[in-house]
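Q: here is my input; please provide its structure:
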Amino acid sequence: MPVQPQPAYDPSNIFARILRGELPAQKIYEDAETLAIMDIMPRADGHCLVIPKGPARNMLDATPEQLAACIKTVQKVSKAAMAAFAADGITIQQANETAGNQLVFHLHYHVLPRHLGRTLKAHTGQMEKPDVLAAHADKLRAALKSL
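A: Okay, here's the model as predicted:
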């Protein structure tokens, strides 16, 4: 069965707008190819996102270089999250296309610090208070400096 062609990348998506500086974000890590930011609707304390700086709808149309850069940053941020939030583990989530539960069509990885016995919060669409996100971002940035 032939693979369906992917829709074109939409440069008006929220992550593209953050990358252009049109929308604010709590940045926790940045390099030449990736950006890590706090998720504004966290499902766990320290929930953050890793995105490529270049356009890619998801992993199906991303270049191998974009995927490699993202995973490298996911690992770095995951180690920081483990330390910053005294986590017992990390859950990485990444969705592709509507049927795969993708909501924002710019490649992104969720990094969720996890604790034994605690379930993830429901995705209610409720935004976290800015001061809470800022405090969590500060903890992650401090942990990144000590890696």
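Q: okay, CA-based contacts and neighbour counts for the rest of this
A: Fine.
Q: who does the helix or strand where residue 134 lies touch, helix- and strand-wise?
A: Counting by DSSP states H and E, the element that carries residue 134 is helix 130-145. Under the contact definition 3 or more Cα pairs under 8 Å, 6 or more residues apart in numbering; DSSP states H and E, helix 130-145 sits against strand 27-30, helix 64-84.
Q: ok, and what's touching the shortest one?
A: Pointing back at strand 27-30 there. By Cα atoms under 8 Å, 6 or more residues apart in numbering, the residues outside strand 27-30 that reach it are 35-38, 77, 137-138, 140-141.
Q: one more: stretch 137-144?
A: 26-29, 38, 46, 76-77, 80-81, 83-85.
Q: still on that earlier bit, buried sites along the helix holding residue 134?
A: Residues 133-134, 136-141, 143-144 are the ones in helix 130-145 that count as buried (16 or more other Cα atoms under 10 Å).
Q: and if you look at stretch 50-60?
A: Neighbour count says stretch 50-60 has 50-53, 55-59 buried, by 16+ other Cα under 10 Å.
Q: next: stretch 89-99.
A: Under 16+ other Cα under 10 Å, the buried positions of stretch 89-99 are 90, 95-97.
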